[in-house]
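Q: okay, here's the prediction I keep looking at, along with the sequence it came from:
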Amino acid sequence: MTSAEALQTWLTTRTPAQLTELLEQRLLPYSAGPGLDDPLQLADHLLTATSTLIGMNALNLAELQVLTAVSALAERLHGPLPVAAAGAGPAGFTGGRPSYRPGGFAVRPPDPAERTVPRALLLDELGERAAPFLDGLAERALLLPPHGPRLTVPAVLHQRSAELRGLGRPAAVLLSEAYKAAEIRLIEDTLGLTPAQNRDAAQRQIVDWLQDTAAVCRLAAGAPVEAVRLLASLLSEGPLLHTRCFVPDAGGYYGAASRFHFRPGGSGDPGTDWLAARGLLVPVGVDLVELPYEVGTALRDPDEALPFTPEPPAVHGARPLPQRSAGEAQAAVTAAVSQVELLLRATAAAPLAVRRTGGIAVRDTRRLAKAVGASEQHTRFWLDLTANAGLISPHRDTPPPTRGRKPAPPPPARMLPTDRYDGWLAAPPADRLVPLIATWAVTPEVFSHWPDEGDTPVALVTPQDPDAVPLRHALLEALALLPAGQGLGAVAGLDAGALGELTDAARWHLPVAVGDADEQSVLARATLTEAELLGVVAHGALTPVGHAVLALLRAGADRWFPAVPGAGPSLTGHPELARAVEELRTALAELVPTPLTTARFQADLTVVVAGAPAPDLADLLGSVADRESDGHAVVWRIGPASVRRALDAGADADDLLARLTEVSEGALPLPQTLEYLVKDTARTHGRVRVVRSSCCLRSDDEALVLELSKARALTRLGLRRIAPTVLISTASPTDTLAALRLAGYAPVLEAETGTTVIERAPEERAAVEMPELAAARQHHGRGPGSAAALAAALLG
């Protein structure tokens, strides 16, 4: 029975939930063509290199090492497979995400079923601690059925067995791609070989010499100290090295057909130059070289055991959490929901213009930061988060009609709250936080990290970092393994050593995605800083909210982006996601204090809410007072202008005082200073009335009308007195109202019928752009359009 037939039989024994999960892991049916509803065609697809590599992206280091060991033992038992054709590298398993240029084999590779390995041999090599990992790999269809005493892995793992073990490609492949005749002749001469008749013969001589293990070992033994150190590093860390000892033959341009020559004067690194001159390092890209397979195998200990790391490396420096750690998380989420509310309210009041080149202008970000009471960096973070959570969205107004043939240029887009904003604003704090934190978990970007130090950071960047979510997931996995009740301390206080240990532990969980330590440390610190802002991490340890976020990522929530489970899309048919979102909501409800419905009114006209205000209380106080500060307590200040604002919106003085009394803490009476302010402001409010007639002002106070007609601040209105109690204005009612208020008066708008018009700014809303889960990923072609539907068709 072939591997495809065995896999076909195994697929039909899966439950709908098991098969759906496998299809989701392989990004099916979205990453393949039609016909997958046939079990044999699905089995063939799962065995392809593309599908296998997709499945390997989520493996931890131990699982990856088990697969590597199976392929290495298969090579010992059955011999190596034919050498890959020339376009198949460079070595991708050794540095980040596997990636290969198109390349095939001269002959069809044998069926994996012909290269099985005894299970007992693997366990003898790696130890019994490898056994538990076999079941998980079998569930992912990376260990192929039948799952018995012999182990089978997909063909790509046999084809890339050397790369899985940190070895480079064969010298023949590398030399053919890298050099023209002149460089081949130089290497031939440096090795002391007899000059060959032509380039190809010279290359064969070099390859034969590199295949001589004893010769390579003698050469390495006599190498300079710098070269020996480089070889040791390449043998332990992988065959790729950045160096400047080669330049493309076309100068600065490098294309697929480019060849290289030695840099005149050398690279400045004697060890690298020495190795390159002897063919032990071969260029594979601009400033990138590779150690050939033959050199790696010659210099490695043949009796060295295959590596197996069943546990992540320890993270030292954990210490008992202080008693205030829970309070830190609570303060963080309270501040987060408060600042996001202020940001959304400010955006609703004054929509942000989107630059034609994208993003928000720096001056608008600064204005918003001042209104929110946050730093510019945090304000950009909240903007990016709310945009991806579907709470704000760009809206482009319809351009006005023109008389000419050429259409008017489109007006710049404006960021407006979406249709979800009003429901979000009315929800309790825990429910407000769920979409924000869920969005942070699954968005493929580290928003607080700006890679170009010379550029000015802007908000509303397009999420496009495929490694951001895996890094986030891996860091949370590493923190979850810290002893209970212990943490690493605040992120700002983490030194390079502690952060490096944490990143190393994270790399164990997702080695394919979490790359070089130096490159990842900056991103790791930025990710942890964001986690602190959201209460996911406190004092260097996962909070209950952090554990819930980890459960959300384990459930595969990131597969659906730009749809965000927990931020609005329906989760019907996705029970695992629904449970994870509910777990996050529960953790937040337990962490966030109950919103307060009362406030303390003070004689200095400040209003203090000692915690998070309930939405109704915040709306009431926001209508009559100006918000001054946030934190553990929220402070508003009531003044004449803020009271006039409430009266302009239609509030009645007596009703306003009654409503404020109802929310007074401890049912205490309002301070007399507040009552006097409201009543005095109401007494003068409306003494001047603007009538709709483009435009007429009237007042029963003749002295006031005379005063207005002579006021210098109102000259631009062109006021003219036509009766003792009536003025006409050349400006519109809106401009007249604004000018009067700027001059210190308190007018109201009056309709033609004589009734007061309550002024309300039009509430503009943008459409929600976040798709439902079913529409988050496009499926082109015939057949079922989702993993669940495909599983049902296969098992039906």
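A: All right, it came through fine.
Q: ok, Arg741 touching Pro747?
A: Yes. Contact criterion Cβ atoms under 8 Å: Arg741 and Pro747 qualify, at 7.0 Å. All C-beta spots, glycine's among them, are computed from the backbone N, C-alpha and C.
Q: higher neighbour count, the two?
A: The neighbour count for Arg741 versus Pro747, taken as other Cβ atoms under 10 Å, is higher for Pro747 (24 against 15).
Q: find the nearest non-adjacent residue to the more buried one, please.
A: Among residues not flanking Pro747 along the chain, Val688 sits closest, at 4.2 Å (Cβ to Cβ, 6 or more residues apart in numbering).
Q: would you confirm that the one you found contacts Ala711?
A: No. Counting by Cβ under 8 Å, Val688 does not reach Ala711; the two are 11.3 Å apart.
Q: neighbour count winner among those two?
A: Val688 (24 against 16).
Q: how near is Arg420 to Glu341?
A: Computed as Cβ to Cβ, to the nearest Å, the Arg420 to Glu341 distance reads 14 Å.
Q: give me the pLDDT value at the residue nearest to Pro307 when sequence neighbours are not counted.
A: Once flanking residues are discounted, Pro307 sits nearest to Gln65: 5.8 Å by Cβ to Cβ, 6+ apart. Note for Gln65: predicted pLDDT of 96.
Q: now Tyr745
A: For Tyr745, pLDDT reads 85.
Q: pretty sure it is in a strand, no?
A: No. Tyr745: not assigned to a strand; according to DSSP: H, G, I helix; E, B strand; the rest coil it is coil.
Q: so who does it touch?
A: Tyr745 is in contact with 688, 708, counting by Cβ atoms under 8 Å, 6 or more residues apart in numbering.
Q: phi and psi next, for it.
A: phi -90, psi 170 (degrees, to the nearest 10).
Q: quick one: it and Leu647, what's the gap?
A: Note on Tyr745: its distance to Leu647, by Cβ to Cβ, is 13 Å.
Q: and if you look at Arg259?
A: 80 Å.
Q: more neighbours: which of the two?
A: Using other Cβ under 10 Å as the criterion, Arg259 and Leu647 rank with Leu647 on top: 22 against 18.
Q: ranges for the strands of the stretch 351-500 of the chain?
A: 352-353, 392-395, 414-417, 486-487 (DSSP state E, counting those that start in this stretch).
Q: of these, which approaches Val609 most closely?
A: strand 414-417 (23.4 Å; Cβ to Cβ).
Q: what strands line up against the closest one, and which way round?
A: strand 352-353 (antiparallel), strand 392-395 (antiparallel) (DSSP bridges).
Q: deepest-packed of those, please.
A: Most buried of the strands paired with strand 414-417 by mean neighbour count (mean count of other Cβ atoms under 10 Å) is strand 392-395; its value is a mean of 21.
Q: among the strands of the stretch 351-500 of the chain, which is nearest Leu126?
A: Of all those, strand 486-487 comes closest under Cβ to Cβ, at 30.7 Å.
Q: which strands and helices sit next to the closest one?
A: With contacts taken as 3 or more Cβ pairs under 8 Å, 6 or more residues apart in numbering; DSSP states H and E, strand 486-487 sits against strand 319-320.
Q: quick one: the strand it packs on to chain centroid distance?
A: 30 Å (Cα atoms, centre = their mean, to the nearest Å).
Q: any buried residues in the next helix or strand after it, and which?
A: Following strand 319-320 in sequence order, the next helix or strand is helix 325-349 (DSSP states H and E). Using 16 or more other Cβ atoms under 10 Å as the test for burial, helix 325-349 gives 325, 328-330, 332-348.
Q: so where's the stretch 201-350 of the chain shaky on pLDDT?
A: 251-257 (pLDDT under 70).
Q: make it 90
A: 236-238, 248-259, 265-268, 285-287, 301-305, 317, 323-327, 331, 338, 349-350 (pLDDT under 90).
Q: all helices of it, in order?
A: With DSSP state H, counting those that start in this stretch as the criterion, the stretch 201-350 of the chain has helices at 213-221, 225-237, 270-277, 293-299, 325-349.
Q: figure out which of those helices is closest to Pro145.
A: The nearest among those, by Cβ to Cβ, is helix 293-299 at 31.3 Å.
Q: report all helices and strands that the closest one contacts.
A: Against helix 293-299 (3+ Cβ pairs under 8 Å, 6+ apart) you get helix 171-178, helix 199-210, helix 213-221, helix 225-237.
Q: could you check the angle helix 213-221 makes with the second one?
A: Taking axes from the mean of the first three to the mean of the last three Cα atoms, to 10 degrees, one finds helix 199-210 and helix 213-221 inclined to each other by 80 degrees.
Q: mind listing what's buried along helix 199-210?
A: The neighbour-count check on helix 199-210 (16+ other Cβ under 10 Å) flags 199, 202-203, 205-207, 209-210 as buried.
Q: could you export it as PDB, CA atoms only?
A: Taking Å, rounded to 0.1, in the frame of the first residue of the first chain, the C-alpha atoms of helix 199-210 are listed here in PDB:
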ATOM      1  CA  ARG A 199      35.600  24.600 -16.100                       C
ATOM      2  CA  ASP A 200      33.300  21.600 -15.600                       C
ATOM      3  CA  ALA A 201      36.300  19.300 -15.200                       C
ATOM      4  CA  ALA A 202      37.800  21.700 -12.700                       C
ATOM      5  CA  GLN A 203      34.600  21.800 -10.700                       C
ATOM      6  CA  ARG A 204      34.400  18.000 -10.700                       C
ATOM      7  CA  GLN A 205      37.900  17.900  -9.200                       C
ATOM      8  CA  ILE A 206      36.900  20.300  -6.500                       C
ATOM      9  CA  VAL A 207      33.800  18.300  -5.700                       C
ATOM     10  CA  ASP A 208      35.700  15.100  -5.500                       C
ATOM     11  CA  TRP A 209      38.300  16.700  -3.200                       C
ATOM     12  CA  LEU A 210      35.500  18.000  -0.900                       C
END
